[in-house]
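K.L.:
I need the structure of the sequence given here:
(chains A and B)
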Amino acid sequence: MDPRIIIETQALTQVYGMGDASVVALDAVDLQIETGEFVAIMGPSGSGKSTLMHILGCLAKPTRGRYILGGENTSDLNKTALAHFRNQKIGFVFQAYNLLPRTNALRNVILPLQYDRLFDWSLEAMEAKAFEVLKLVGLEDRIYHQPQELSGGQQQRVAIARALVKDPLLIIADEPTGNLDSKSGQEIMSVLHQLHDAGTTIVMVTHDPETASHTEREIHLFDGRIDNVVTNGKKNSKRRPKEGVK
Amino acid sequence: MKPIEVLRIAWEAVGKNKVRSLLTMLGIIIGVSAVIIMVSISAGTEKTIEEQITNLGSDLIFISPNFSQGGFRGGPGAAEGGLVFDDAFAIAELNGVKGVVVEQNASQDVRAGNVALQGVSILGTTADFPSVRDYQIDQGRYFNELEVDRTQNVAVLGASLAQELFADSDPIGQDIVVGSTRLTVIGIMAERGLVGDVDYDARLYIPVSVVFKRFTDNQFSRIIGDRVRMIYVELENPETMDDTILQIELMLAKRHDVSLEEPDFTVTTQQDIIGTQEATTAAFRSLLSWVAGVSLLVGGIGIMNIMLVSVTERTREIGIRQSVGATPNDIRAQFLAEALMLSLVGGLIGVLVGGGGASLFGSLSDMRTVIVPISIFLSFSSAALVGIFFGFYPANQAANLDPIEALRYE
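P.N.:
Purely as a prediction, here's the structure:
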């Protein structure tokens, strides 16, 4: 296998429901994403992009097919192993921020470190690490603010810091600008581009063509299949995107 | 996640909804404190009875009229209607009997010089009372059989009664007026203190015949003989107790003209009393454990209910934690810790309320209470067990939530 490939799906299929009422949300999707790529997944509602994102984020298991992340097949993992996988390899950025309420920014960012099974973090080490990533997203002066005291853009930056704190293989962003005004949205996109420039792999689900056009590759889904792939290819020239479509 | 962190989160969750947490804990608080208070009352009662039994002296048997058999048959004569004073004399004649005491209570106003006391408790007894009841004389002497026989107007004072009536002067040989009867003080008892509810030091001891003659308002007593409620018999040798009891029974049956199968009296030994006491205590204990069990069950259901609410309320938080890597076990531990926290804090408050309540109960009412440490330990640990048991189902619900569903929850 090409060592640059970080995500590979083989005939990924997700079926909800049973019998006549069953719905095929993903229909044998084959997809490859390279390390350091910035990919947008697009498509109308019901096209399967959320389902694909959940599987890529190890939040759900496919009905059929294989999902290989960082060289490891995740299809056979149980709930606990999937949780470890999410903790070690994936950072999420959600549309609704999903920060813990009444919990300050620092505590929110620490959260993934507290569930780390491979390394026993001291509180000081956790706070130092959290402060480092909060600084990276420009919130070093807001670390003791609780979510309700922060603007939407600031909350989303806390969420990005939380996604980054464990140095994940992959960041999955689900409509990261969906709840924000255009100015804040641009700020968040520039943070994501900054991360991308630093080498982070980002898969972003969006329905906004403008936002998607700033990524290296747009994967358009329709009725659970990959309908079209647009290579923008104007970003980082060192990592030339590779066609991963059947 | 580190256990300390799990506990911190649980503590925050409990602290965030103080009123709700307190209401949830109420069941546990009531359960735990009820156990402690009830055990302390039962232990206090036991202790009182135990003391009474030891204070009665050993080798004692008690004879009481058996009303269910004897009833009030009416008619004159000593042979019918339970125990009479003459029975005591007859028993005293038997072999193996060391002493016989008859007791009759009364209450009268007592005056000595210009000191007057109202409603002094009077105990009419016989001459053997000090030896049978193992009670010392401090000054003077106790009245003898002759004085009882002749209904002599003599009196022996309890220690504190003597102090109240005569202060520092010597009471021996002085007269006191009881009701309208003048009695001569011949002795003072040693200090005994409270036994059960009875203050031995505040009583007046006089011949039982004087009580019958002067202080009993029984218009029939002249006709049917002086009834007594209880005859105390001290035995010479406890090993021949059964023989002596048989003799007493045969003799009383003959005097009362009843058969041994249907006697109008009951002979009770110390062993019988202890046995009855133990049976009562055992019944009380089993009742108590049911009450405790039910209230802890109710408390546990309360915890389960509120934990289910808590899981629902925090579905999104669960989803967030799952998305950053919390395993089902992490989530389960978090909610179990919360349930445990509720039951432990509730248990702790229950221990405080129970301990305080038991002391308060003991000081405000006549009931004596003794706080038993093991009851504190047992009720507290059952509260913890209840927390784990009833917390498990909600915690499992939380642990099995689907992360995607949980994140979508509004």
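K.L.:
what number of residues lie near the residue in chain B that chain A sits nearest to?
P.N.:
Minimum separation of chain B from chain A (Cβ to the nearest Cβ) falls at B:Gly325, amounting to 2.4 Å. Placement of C-beta: from N, CA and C, glycine included. By the criterion of other Cβ atoms under 10 Å in any protein chain shown, B:Gly325 has 26 neighbours.
K.L.:
What backbone torsions are found at it?
P.N.:
B:Gly325 adopts backbone torsions of phi 120, psi 10, taken as degrees, to the nearest 10.
K.L.:
Identify the residues contacting it.
P.N.:
A:Ala83, A:His84, A:Arg86, A:Asn87, A:Gln88, A:Pro112, A:Tyr115, A:Asp116 (Cβ atoms under 8 Å, 6 or more residues apart in numbering or on different chains).
K.L.:
can you put those in TSV and add secondary structure and pLDDT?
P.N.:
Output for those, formatted as TSV (DSSP: H, G, I helix; E, B strand; the rest coil; pLDDT from 0 to 100):
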residue	secondary structure	pLDDT
A:Ala83	helix	95
A:His84	helix	94
A:Arg86	helix	94
A:Asn87	helix	95
A:Gln88	helix	94
A:Pro112	helix	95
A:Tyr115	coil	93
A:Asp116	coil	92
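K.L.:
Buried ones only from the residues you listed, please, as a ChimeraX command.
P.N.:
The ChimeraX selection below is limited to those of these classed as buried (16 or more other Cβ atoms under 10 Å in any protein chain shown):
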select /A:83,84,86,87,88,112,115,116
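K.L.:
and chain B, which of the contacts of B:Gly325 contact it?
P.N.:
Contacts with chain B within those, as defined by Cβ under 8 Å from any Cβ of the partner chain: A:Ala83, A:His84, A:Arg86, A:Asn87, A:Gln88, A:Pro112, A:Tyr115, A:Asp116.
K.L.:
Skipping its backbone neighbours, what lies nearest the first one in space?
P.N.:
Ranked by Cβ to Cβ, 6 or more residues apart in numbering or on different chains and with sequence neighbours excluded, the top spatial neighbour of A:Ala83 is B:Thr327, at 4.1 Å.
K.L.:
Give me the distance between that neighbour and A:Leu99.
P.N.:
Applying Cβ to Cβ, to the nearest Å, the value for B:Thr327 to A:Leu99 is 21 Å.
K.L.:
got it, and B:Arg316?
P.N.:
Distance, B:Arg316 to A:Leu99, by Cβ to Cβ: 10 Å.
K.L.:
ok, now B:Ser21?
P.N.:
Distance, B:Ser21 to A:Leu99, by Cβ to Cβ: 24 Å.
K.L.:
and the closest residue to chain B within chain A, what does it touch?
P.N.:
Per Cβ to the nearest Cβ, A:Asn87 is where chain A lies closest to chain B, at 2.4 Å. Going by Cβ under 8 Å, 6+ apart, A:Asn87 touches A:Pro112, A:Tyr115, A:Asp116, A:Arg117, A:Lys166, B:Val324, B:Gly325.
K.L.:
In a markdown table: these, plus distance to A:Asn104.
P.N.:
Below are those laid out as a markdown table (distance: Cβ to Cβ, whole Å):
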| residue | distance to A:Asn104 |
| --- | --- |
| A:Pro112 | 16 |
| A:Tyr115 | 18 |
| A:Asp116 | 20 |
| A:Arg117 | 25 |
| A:Lys166 | 19 |
| B:Val324 | 16 |
| B:Gly325 | 20 |
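K.L.:
neighbour count winner among B:Arg316 and A:Leu99?
P.N.:
A:Leu99 (24 against 17).
K.L.:
shouldn't that one be in contact with A:Ala159?
P.N.:
Yes. At 6.2 Å, A:Leu99 and A:Ala159 qualify as touching, with contact defined as Cβ atoms under 8 Å.
K.L.:
Now do the buried residues in stretch A:55-65.
P.N.:
In stretch A:55-65, counting by 16+ other Cβ under 10 Å, buried: A:Ile55, A:Leu56, A:Gly57, A:Cys58, A:Leu59, A:Ala60, A:Lys61, A:Pro62, A:Gly65.
K.L.:
Contact residues of the stretch 251-400 of chain B facing chain A?
P.N.:
The stretch 251-400 of chain B has residues B:316-317, B:319-330 near chain A, with proximity defined as Cβ under 8 Å from any Cβ.
K.L.:
so which pair among these is furthest apart in space?
P.N.:
B:Arg316 and B:Asn329 (20.0 Å; Cβ to Cβ).
K.L.:
circling back: need the buried ones from the residues of the stretch 251-400 of chain B next to chain A selected in PyMOL.
P.N.:
Per 16+ other Cβ under 10 Å, the buried members of these correspond to this PyMOL selection:
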select buried, chain B and resi 316+317+319+320+321+322+323+324+325+326+327+328+330
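K.L.:
and B:Val102, backbone torsions?
P.N.:
Main-chain dihedrals, B:Val102, degrees, to the nearest 10: phi -110, psi 140.
K.L.:
any idea how far B:Val233 is from it?
P.N.:
Going from B:Val102 to B:Val233 by Cβ to Cβ gives 10 Å.
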